[in-house]
Structures are given as C-alpha cells and as structure tokens.
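Student: What would the 3D arrangement of this be:
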Amino acid sequence: MPHNRSKDELHEFIKKLENQAIETAEERHPIYIKAGLKDSELVLDVGCGSGVVTKDIATHTNGRVIALDDSPDMLEIAKEVLKGYDVDIVVGDAHKLPFKDNTFDVVICNLFLMWVSDPQKVVKEMARVTKKSGRVVASLEPDFGAKIHWPPHPGVDEIFAGRAIKKRGGDPYIGRKLRMLFVNAGLKTEVGLGNKRIWSCEEDKASYLRSRTFYWNVLRREGLSDEEIEKWEKKHLESLEKGIQFNFFPQFYAIGIKI
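Tutor: Numbering: from 1, shown residues only. So this is what the prediction gives:
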C-alpha cells in the first residue's frame with residue numbers, strides 16, 4: 001500500500017489525490033510549458049500513483065506518455081483513470097528505472113520525491129533515462145517548514161506542518177532540496193515557486209470540506225479524540241467564515257536540462 005496506508009485508508013487517500021490534482025492544476029500548467037511538454041515525443045511520468053496527474057500530462061503533450069509506479073494497487077486505479085488516453089502503464093521502482101539511457105524527451109514527477117527513500121538516486125535515474133538536451137522535471141514538491149498559518153491552532157498546526165508526513169516516512173522539507181538534488185544529478189537547473197497566489201478563505205473552506213474525512217483521519221492517527229477534533233474544526237471553520245484566516249503552503253518546482 002502507498003505511503004504505509006491500509007486498504008481502509010486507500011479510498012480517502014485516492015480522493016485526496018484527486019482533489020489535490022484539481023487544486024494544483026493551474027500551478028502545474030506553466031511548468032509544463034517551460035519544460036516543452038507539448039512538443040515532446042516520449043514522456044515518462046515517475047510515481048504516477050492513481051493517474052490523475054498523468055491524465056493532465058497526457059492532455060498537454062502531443063507525444064506518448066509512459067506512467068510508472070511501484071504500487072500494483074495504485075496502477076489498477078490508474079488503468080481506469082487513464083482509459084482512452086495514449087498512456088502505457090508500467091510497474092517499476094523509481095530508484096532503478098527499467099529503461100535504457102537517453103530514452104525520453106521529458107521525465108517528470110509530481111509530489112513524489114518527498115516519499116521516496118533516496119530522492120538523489122531517483123533524480124539521477126530520471127536524468128539517466130532522459131535524452132541529451134531533454135528535461136527532468138519535479139512539477140511540485142512541498143516544504144512544510146515554510147508553511148504559514150494564522151490564527152494558530154496549537155497542538156494541530158504542528159501535525160499539518162510536517163509531523164504527520166515524517167511519521168509516514170516522507171520528507172516534509174524536500175522542496176528546499178530540489179536545487180541540490182538536480183545539480184548533483186548533473187543537470188542545468190532552474191527552480192521556482194509553483195504557487196504564488198494566496199487562496200481566499202472561501203477557497204480554503206471548500207478545499208477543507210472536500211477532504212474533511214482525510215484530515216480527521218490524520219488527526220485521529222495522531223491521537224486526538226473526536227471531541228478535540230470537533231473543537232479544532234469549529235475554530236478552523238469560524239476563522240474561515242470570518243474571512244480572517246491566512247494559509248500559505250509553498251510548493252516548489254525544478255526543471256533540469258540534461259547537458
């Protein structure tokens with residue numbers, strides 16, 4: 001199961017991925033343009049998961065897309081999501097990609113490096129299978145250490161500012177490491193901030209309500225009682241309804257040209 005999730009948790013996780021893909025679409029599209037995705041003949045999506053972002057990639061290129069993930073459960077979902085798209089699905093480990101050197105025009109991942117055991121090895125593998133002058137892309141990777149939220153919710157903010165990610169085995173500070181990872185892979189590298197717009201309170205509220213069950217499950221796993229979660233949720237929604245809440249969660253991109 002992906003990210004140490006049980007089968008019971010998988011449904012809510014997939015739902016969260018779908019919402020996340022919708023909410024970050026406007027941030028990824030300029031990155032696709034910068035990376036030359038439209039005119040690429042062969043694209044590899046590494047760590048495709050449920051395929052919701054792969055579908056977006058496929059609509060932004062005239063070429064063929066190969067989607068790779070190491071989770072058979074996720075790929076079964078991806079097969080349904082990607083029906084009708086020019087996408088081949090492959091089971092494989094990102095730390096040892098099952099492709100020859102210099103194969104792809106663009107090799108891309110999204111919200112993936114934060115979850116792998118050795119992100120440097122993965123980026124080097126992505127670079128290896130990219131053609132000379134091709135692009136290696138991390139379309140969005142978060143940095144929870146730079147997350148800003150107001151008004152504060154002591155006892156809860158810490159959970160959503162990286163603690164829960166760490167317990168899952170992820171790296172909540174991967175965003176700040178992208179330049180290092182790409183440069184160390186021998187790539188001519190550009191990094192940037194993908195999300196520059198601050199959401200309105202109405203947008204934040206809608207996003208929370210779409211993924212409410214997911215957030216409740218996170219807090220329950222962290223040991224909060226339903227009564228404590230209800231108390232937090234009431235304050236959280238009140239600040240949104242008053243229009244006073246500020247929430248900024250930076251997500252960074254990197255584009256590397258193989259020299």
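Student: residues making contact with stretch 122-129?
Tutor: For stretch 122-129, contacts defined as C-beta atoms under 8 Å, 6 or more residues apart in numbering pick out 44, 46, 94-97, 99-104, 107, 109, 112-113, 116, 136, 138, 181-182, 184-187, 256, 258. In short, each C-beta sits where N, CA and C put it, glycine included.
Student: how about it: buried residues?
Tutor: 122-129 (16 or more other C-beta atoms under 10 Å).
Student: of the contacts of stretch 122-129, buried ones?
Tutor: Under a neighbour-count criterion of 16+ other C-beta under 10 Å, the subset of the contacts of stretch 122-129 counted as buried comprises 44, 46, 94, 97, 99, 103-104, 107, 109, 112-113, 116, 136, 138, 181-182, 185, 187, 256, 258.
Student: Could you pick out the longest strand of this structure?
Tutor: The strand that spans the most residues within the chain, counting by DSSP state E, is strand 130-142.
Student: What residues of the helix or strand containing residue 90 count as buried?
Tutor: Under the criterion of DSSP states H and E, residue 90 resides in strand 87-91. Taking 16+ other C-beta under 10 Å as the basis for neighbour counts, the residues of strand 87-91 that come out buried are 87, 89.
Student: And the average pLDDT for that strand is what?
Tutor: Computed over strand 87-91, the mean pLDDT rounds to 97.
Student: Give me the residues contacting that strand.
Tutor: Residues outside strand 87-91 that contact it (C-beta under 8 Å, 6+ apart): 48, 51, 54-55, 58, 64-70, 72, 75, 78-79, 82, 98.
Student: So which of those are in strands?
Tutor: Among the contacts of strand 87-91, the members that lie in strands (by DSSP E) are 64-69.
Student: Filter the residues you listed down to the buried ones.
Tutor: The neighbour-count criterion (16+ other C-beta under 10 Å) marks 65-69 among the ones in strands among the contacts of strand 87-91 as buried.
Student: I'd like to know which of the residues you listed is nearest to residue 225.
Tutor: For those, the minimum distance to residue 225 (C-beta to C-beta) is 35.5 Å, reached by residue 69.
Student: Pull the number of nearby residues for residue 62.
Tutor: By other C-beta atoms under 10 Å, the residues close to residue 62 number 10.
Student: helix/strand/coil for the residue of the chain most remote from its centre?
Tutor: What lies farthest from the middle of the chain is residue 227; by C-alpha atoms, centre = their mean that is 31.1 Å. What DSSP: H, G, I helix; E, B strand; the rest coil gives for residue 227 is helix.
Student: How about residue 43?
Tutor: Under the three-state scheme (three-state DSSP), the conformation of residue 43 reads as strand.
Student: now it: how far from residue 215?
Tutor: Using C-beta to C-beta, to the nearest Å, residue 43 is found at 33 Å from residue 215.
Student: And for residue 101?
Tutor: Using C-beta to C-beta, residue 101 is found at 43 Å from residue 215.
Student: what's the answer for residue 130, then?
Tutor: The gap separating residue 130 from residue 215 is 37 Å, by C-beta to C-beta.
Student: neighbour-wise, which of the two wins?
Tutor: With other C-beta under 10 Å as the criterion, residue 130 and residue 215 differ in neighbour count, and residue 130 comes out ahead with 26 against 21.
Student: Figure out how far the strand holding residue 90 is from the centre of its chain.
Tutor: The offset between the C-alpha centroid of strand 87-91 and the centroid of the whole chain comes to 19 Å, using C-alpha atoms, centre = their mean, to the nearest Å.
Student: and that strand with strand 64-69, angle?
Tutor: What separates the directions of strand 87-91 and strand 64-69 is an angle of 30 degrees, with axes from the mean of the first three to the mean of the last three C-alpha atoms, to 10 degrees.
Student: which residues sit against the helix or strand following strand 87-91?
Tutor: Using DSSP H and E, the helix or strand that directly follows strand 87-91 along the chain is strand 104-109. Strand 104-109 is contacted from outside by 35-37, 40-47, 57, 61, 63, 66, 94, 122, 126-127, 129-131, 134-139, using C-beta under 8 Å, 6+ apart.
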